[in-house]
Each structure stands twice: as C-alpha cells, then as structure tokens.
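# got a sequence here, can you build the structure:
(one chain, ligands or ions: 2)
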Amino acid sequence: MLSRKMDICYVIFPLLLIVSCGFDIATGLKCYCSDCLDGTCDAGDGGRCVTSITKMGGTREDKISYRCLTEAKIPIRVQNGKMQGDTPHCMVSAIKKHESHIICCSGPDLCNQYLKPTYAPATTFIPGDDNSETKLQFGTAELVILIACPVLIVSILFMVLFFAYHQCQRNRHGYQMPNDASQETMPFVQQGQSSSTLREMMYEYSGSGSGLPLLVQRTIARQIQVRETIGKGRYGEVYRGRWRGENVAVKIFPSREERSWFREAEIYQTVMLRHENILGFIAADNKDNGTWTQLWLITDYHENGSLFDYLNRTVVSISGMLKLSLSASCGLAHLHMEIIGTEVHAGKPAIAHRDLKSKNILVKNNGTCCIADLGLAVRHDIATDSVDIAPNNRVGTKRYMAPEVLDESINMTHFESFKRADVYAFGLVLWEITRRCSLGGIVEEYQLPFYDLVPSDPSLEEMRKVVCDDKHRPAIPNRWHSHESLRVMARLMKECWYHNAAARLTTLRIKKTLASIANQEDMKI
Ligand code: ADP
Ligand code: MG
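Residues are numbered from 1 along each chain as shown. Ligands and ions are numbered 1, 2, ... in the order given. So this is what the prediction gives:
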C-alpha cells in the first residue's frame, strides 16, 4: 500500500516540475544590467538577457556589458537551413567583424551574469542588423517544449531506476513466506512475547520434550526471511534464514519429497530427543502457495557448516580432535539410547541414524559437533521390538555403508543391527577427523574414506568388492603410533569397523573411551 502511494508520487512529482518550469519561462525576465541604476533590467515576457564583449583596440581591455533584450528585438537567422548561434541558454548569438560577441539567455532571472562570451568565426549578425537573411520566430511554447523534454526524460529515467532498485532489493532479500495465514498464526509470537529469542522460546516449551507447538512453529516459519544457500543434499537445498535478527537454517524440500520432509520433522520431534550434540530443531511448515507446496524444516544455524567442510578448511590440535570426536559420539550415543518412560516422564525410543557421515554432522562455533540430517532415521518400537517404519535395506550413502548393508545380510528385524551399522560409519568419521590432527606440523590432507580404492560416487558393486570381499579399511598412518591419543583413536576406529557387526563397540563405549583420553589430555595441559 505504502509503496503504491510512493509510486504515484514519483509520477506526479516530475509532472508538477515540468508544469512549474513552464510557468517560470512565461513570466517577465529579470536580467543583470551593467548600465542600469539598480544593476538589473526587465526583458519582459519572451525576452532575453544579454552579455556582450567588445574589443576596445590598443592596449585597452575588452569591454563586457550586460543588458536586456525584449522579445520584439530578438533577431534570429537561419543559414543553410540551420539556426545559428544556438547555445543551451540562448537562441541567438551575434558577432560583428570579430570585434564583438553577444550571447544571451532566456532564464532564469539574472542568467546573463555568468555568461562568458568569446570571439567566434564569421557568419555573424547583431541585433537589429538589416543584413539578416531569414527570420525565425521562437515563441514561449517552443521554449517550454525544449526545456520540458529533457526534464521529462530525466524523470522517466529516475522512475525506471527507482523501480529497478526496488526490484533488486526484493530479490536480494529473497522471498518471504506469504503471511496470508496470519489468522492461523500464534499471537504469542506476534505480540505478547515479541522480544523472545529462539532460545528462550525453546526453553519455555521444553517441558513438552518434543519442541514448540505446531501453531508457534507455523508462525515462526512465516516470519522467516530466506537468504543465501548454504548447502545442498539429497532432497532439497538448505538456506540461511533470518528470524527477528537471529540466523536459522531452512531446509526446503520439493513437494514430491513430502514424505521425507514429514519423516525428518517427525523424528526431530521425538520426545526427549533434544540434546546439545543433535541439531536443534525449531519448526516445520508446509505452505501451499496455490501452485506448489513448499516444505520447510527450520533448525539452528551453524556457520562452520558440515564437519566435511570444516575438516577440508582447517587442521585441528589434539584437543580440537577430541572435542569434535567426543561431542559427535555424545550425540550419537544420545540418539541410540533408549530412555525408559515413567508415569511422570515420557521415555525416548532408541533411534538409528542410517546415514552417518561427515556431511551430516555440523560443527558449532565452540568446536563441538551436532548430528544432523535425520531424514533416514528409524526408531525402535519397544512394545513390539520392531522398527517404526518398514525399513528399506539399502539406504544411506554407499561409501559409508557397513559390509552387512552392502551385501544385504543385515537382519532388519533386529533394531540393534541399525545401531551397529551406524557405529561402522562413525569409525570412518573418526578416521576423517584424526587425519586432520596436526602434531609437530605433520598432518594428512583431508580425504574421504576409501578415496584411494573407489572413484567418486562409487557404485554398490564397487563398494561391496572393497569392503566385503577384499575387507579393506582406511589405512592408519605411521605417525599415529607415536602419540598416545592418536594410538587410542586408531584402536577405537578399528573396533568400530569390524566386519562382524556384533563385535563392534557400542556408542556408549566409544563415548567413554574418548572422554577418558580427553581427561588425560586436559591433565597434560
Ligand atoms: P540432505 O538431507 O539434503 O542431505 P542436509 O540436512 O544433510 O540435507 O544438509 C545438506 C548440507 O547443508 C549439509 O551438509 C551442510 O553443509 C548444510 N547444512 C544443513 N543444515 C545446516 C545448518 N543447520 N547449519 C549450517 N549448514 C547446514
Ligand atoms: Mg545430508
């Protein structure tokens, strides 16, 4: 509404300008006058102000004089079809025998004060010169047109620039979810608690154990402005968004991926799932814009991005390595853990991730990790000792698939199997982290597991051959044997990627081992 009003102003303003310019020209013109008593004269309607320069001869200085020229005395001549002596300010100029030069102007008042006449070549005439060939009369109307045209062009240009600038601003800020559902949204978020931060709101509702009420989620989602892309994964794109000055991450699923969106939102809202090492879920929203449905999943934003990106960019110290590994293992242990409910408190089912890898783990600002991308996770239904959805046997990323997943020998009726496959993948992640631990200036370059054995985007067949048939595992560099913490890391990862899934460590064991090395390292510091 406001912007429409402004648009009208931008149309009306230049028109008023043009009209007012027209009036200016039509009134009597006041000129600077060197021979008048008060220094000015009146050229009348359609008249001109004149400045002339005359050669005085000898050593005397040129004489410059100023005066008025009424309309009746304006001489204009045409030579070869062209008007002569035109200047931006004056319709005539005149020169006589290279000895004098007159230039004039038609406004504004006193415009001749700053005219600087110079001697010009022949084809001259002076006002009142009877030798003039043809006379052309310019009226006020022509003058108005001549001046109004540039003003009009400049105004149009100005309007075009104004609209272009507005359009740019709109694109730069991305799109905002339309607020047409404001009736359904939550007044709590809109007015009463307008100063609440996300943290405060999550805390307010933490009693429910499963996140914000749906109406609050919807309201937050529709107040978010989407900014730049920060990641691309299996389903959709992830963007940075802004909500009341805070950064959030917005994962947008295409409408055909509604089931994936629903599943991920459902898993994040599992009772008691919230944990500092699991990506903080804020809201999910599905918005039908008439043409397609937009599916949003809003979570905490972590500017360091994924562990994969982080390790590619940086090397870590021993304590940095332990911080990343221990925090990630805490997240995974919490995911895997079953919390038995009581009459007062609801319990938490065990959850298996099924797509654990460095691209699905994020690094927080304090150098700890949180587990993300829960779209493929499955929950243990303790009542029936079964998995909560019909599991597809080969989901996840081929490079990180456990041998029993690759050769399809995994027992999918046994929930524990999925946890063991997660532990295998976690061992590969520990290997990726440890390679980037710099000791005495020595560090391995970042590499994906099996970088030396399979091509990028390997097939199931290629992975099966390397992992199941040839039983290859990532190599342990020699330098790792010379430092206690790296030695423990090497042992830990080997115990995660045993071929025999039952022999692998549990996440609780991994967490405890890492915590104890971290303690020893702290003691050394
Ligand atoms: P997909 O399910 O499509 O694989 P992910 O949830 O794994 O999507 O996100 C894809 C990428 O987007 C991640 O690898 C990471 O680089 C980036 N990303 C996702 N969530 C966040 C977040 N909360 N903060 C910062 N970056 C993120
Ligand atoms: Mg992912």
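# which stretches in the chain count as helices?
Secondary structure of the chain (DSSP state H): helices at 2-26, 140-172, 187, 198-205, 214-221, 258-268, 307-313, 318-336, 403-406, 415-435, 460-464, 484-496, 507-524.
# end-to-end on stretch 264-276?
18 Å (Cα to Cα, to the nearest Å).
# hmm, that stretch touching ligand 1?
No: contact of stretch 264-276 with ligand 1 is not found when judged by Cβ under 6 Å from any ligand atom; the minimum separation is 7.4 Å. Backbone N, C-alpha and C define where each C-beta goes, glycine included.
# just to revisit the earlier point, between the helices of the chain, which has the poorest mean confidence score?
Comparing mean pLDDT across the helices of the chain, the weakest is helix 2-26, with a mean of 42.
# thinking again about what came up before, a markdown table for the helices of the chain, including mean neighbour count?
Converted to a markdown table, those look like this (neighbours: other Cβ atoms under 10 Å):
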| stretch | mean neighbour count |
| --- | --- |
| helix 2-26 | 12 |
| helix 140-172 | 12 |
| helix 187 | 11 |
| helix 198-205 | 14 |
| helix 214-221 | 20 |
| helix 258-268 | 19 |
| helix 307-313 | 19 |
| helix 318-336 | 23 |
| helix 403-406 | 22 |
| helix 415-435 | 24 |
| helix 460-464 | 16 |
| helix 484-496 | 19 |
| helix 507-524 | 16 |
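# reformat those as CSV; add distance to ligand 2.
Output for the helices of the chain, formatted as CSV (distance: least, Cβ to the ion, whole Å):
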stretch, distance to ligand 2
helix 2-26, 40
helix 140-172, 28
helix 187, 36
helix 198-205, 23
helix 214-221, 21
helix 258-268, 10
helix 307-313, 10
helix 318-336, 15
helix 403-406, 17
helix 415-435, 13
helix 460-464, 18
helix 484-496, 20
helix 507-524, 20
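# so for the residue in the stretch 251-400 of the chain that ligand 2 sits nearest to, what's the pLDDT?
Using Cβ to the ion, the single residue of the stretch 251-400 of the chain nearest to ligand 2 is Asp373, 3.8 Å away. Confidence at Asp373, expressed as pLDDT, is 95.
# residues contacting the nearest residue to it once chain neighbours are set aside?
Once flanking residues are discounted, Asp373 sits nearest to Asn360: 4.0 Å by Cβ to Cβ, 6 or more residues apart in numbering. Contacts here follow Cβ atoms under 8 Å, 6 or more residues apart in numbering; on that basis Asn360 touches 306, 353, 371-373.
# out of those residues, which are close to ligand 1?
On the criterion Cβ under 6 Å from any ligand atom, 306, 372-373 are the entries of those that sit beside ligand 1.
# returning to that earlier point: the residue of the stretch 251-400 of the chain closest to ligand 2: neighbouring residues, count only.
24 (other Cβ atoms under 10 Å).
# what residues are up against the residue in the stretch 51-200 of the chain that ligand 1 sits nearest to?
When scored by Cβ to the nearest ligand atom, the stretch 51-200 of the chain has Leu198 as its residue closest to ligand 1, at 12.6 Å. Residues near Leu198 by Cβ under 8 Å, 6+ apart: 220, 243, 246, 248, 282, 300.
# contact residues of the stretch 301-450 of the chain facing ligand 1?
So the stretch 301-450 of the chain meets ligand 1 at 301-302, 305-306, 309, 359-360, 362, 372-373, 375 (Cβ under 6 Å from any ligand atom).
# between all of the residues you listed, which two are separated the most?
Every pair in those was compared (Cβ to Cβ); the two farthest apart turn out to be Asp309 and Gly375, at 19.2 Å.
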